[in-house]
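**Q** Build me a structure from this.
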Amino acid sequence: MKLLFFNDFQLGVLKGTRVVDVSTIVAGIKHTEPQQLISGLILNFTNYRQKLEDLVDASPGLDLNTVKVRPPLPKPTNIDCMAVNYMEDGTREEPAEINAFQKTAYSIIGPGDTMVLPDVPATVFEGEAELAIVIGKKATNVSAANAFDYIFGYTNFIDGSARGLSGANVFHAMKSRDTFAPIGPYMVTADEVKNPQNLQIQLWNNGVLKQNFNTSDMAHDIARCVEYITSIHTLEPGDILATGTNHRGLNSFQDGDAVELEIEKLGRLHFSVTDQLQRSWPRETHLEREEKGLPGSAPQESGKYA
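**A** Here you go, the predicted structure:
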């Protein structure tokens, strides 16, 4: 099942190219904001699934092009992101030590929204295409063997990054910024994704394919990621665990960019980028620079901080 919010955060189920409003079915879930509604549904999904399916079967729904799709998880309690979690197409000799960081819930934006590049002296702004896990029930000290029992579903996720900043807590300054976590367009229940460890991930910037890799390249697999994060802190229904990216296709995000992310079985997420300072960088990917014998990200060409 594909779950989404639309318009004024009505809950819907995707039916082909249409969306069925299922608000009446979930009206009994106590909530004061959309995240509480979707978290409550996730926690009690087995009690609601048949009713949802029956309504979807009986309803024509609305044309998806006539509604405003919202982020499927508007304000999760926890957004954990795995760091350096890909083998980079086999170019890493061994996995990096398992590690993670957190983003604020204010990082979340949805389809058609805008990532805002802040006025900070970053050497480059990038967005990392990632598979995100959605937690289905309270998870504390979960073993890898039982990890998939705690996964409700999956969604597309972008980990926005302001690279090159300094300070004692550089990951916080680099990653946990407003609008730096586009997600969606919907959340897909786990039963529709038979093997999440073999999904193709593609990201286009202004129509040009930049990232193109498979989740089979993860250094620490999904089960290990769940085990690791829940050994540190508890995850709740509706929380997000983003599983990292292959860095070779990373490229600069700049003012006016139109970005699309599509993970196999999870639909395509569209969003734009704005930069009031209109800074510019070369459009090279990490891999293209590596092939030229150049390090890392391309240096800034123009604008403030260049």
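
**Q** all contacts plus neighbour counts: C-alpha atoms, from now on.
**A** Fine.

**Q** what comes up buried for the helix or strand bottoming out on mean pLDDT in the chain?
**A** Lowest by mean pLDDT, DSSP states H and E among the helices and strands of the chain is helix 170-175, with a mean of 92. Buried residues in helix 170-175, counted by 16 or more other CA atoms under 10 Å: 171, 173, 174, 175.

**Q** got it, and stretch 143-155?
**A** By 16+ other CA under 10 Å, the buried positions in stretch 143-155 come out as 143, 144, 147, 148, 150, 151, 152, 153, 154, 155.

**Q** what's the answer for stretch 232-247, then?
**A** 235-247.

**Q** sorry, back to before: what's the following helix or strand after the least confident helix or strand of the chain?
**A** Scanning forward in sequence from helix 170-175 by DSSP states H and E, the next helix or strand is strand 181-189.

**Q** outside of the very next helix or strand once past that next one, which residues touch it?
**A** Next along the chain after strand 181-189, taking DSSP H and E as the criterion, comes strand 200-205. For strand 200-205, contacts defined as CA atoms under 8 Å, 6 or more residues apart in numbering pick out 129-131, 209-215, 257-264.

**Q** where's strand 200-205 relative to the chain centroid, distance-wise?
**A** 12 Å (CA atoms, centre = their mean, to the nearest Å).

**Q** And the strands in the stretch 151-300 of the chain, which stretches?
**A** According to DSSP state E, counting those that start in this stretch, the stretch 151-300 of the chain carries its strands in the segments 151-163, 181-189, 200-205, 208-214, 240-242, 258-263, 268-274.

**Q** wait, which of these is closest to residue 30?
**A** strand 151-163 (19.9 Å; CA to CA).

**Q** Quick one: mean pLDDT over the closest one.
**A** Average pLDDT, strand 151-163: 98.

**Q** a strand runs through residue 14, doesn't it?
**A** Yes - under DSSP: H, G, I helix; E, B strand; the rest coil, residue 14 falls within a strand.

**Q** Nearest spatial neighbour of it, chain-adjacent residues omitted?
**A** Using CA to CA, 6 or more residues apart in numbering and skipping the chain neighbours, the partner closest in space to residue 14 is residue 2 (5.4 Å).

**Q** my guess is that neighbour meets residue 189, correct?
**A** Yes - look at residue 2 against residue 189 with CA atoms under 8 Å: they come within range, at 6.5 Å.

**Q** Please say which of these two ends up with more neighbours.
**A** Comparing residue 2 with residue 189 by other CA atoms under 10 Å, the one with more neighbours is residue 2, at 22 against 19.
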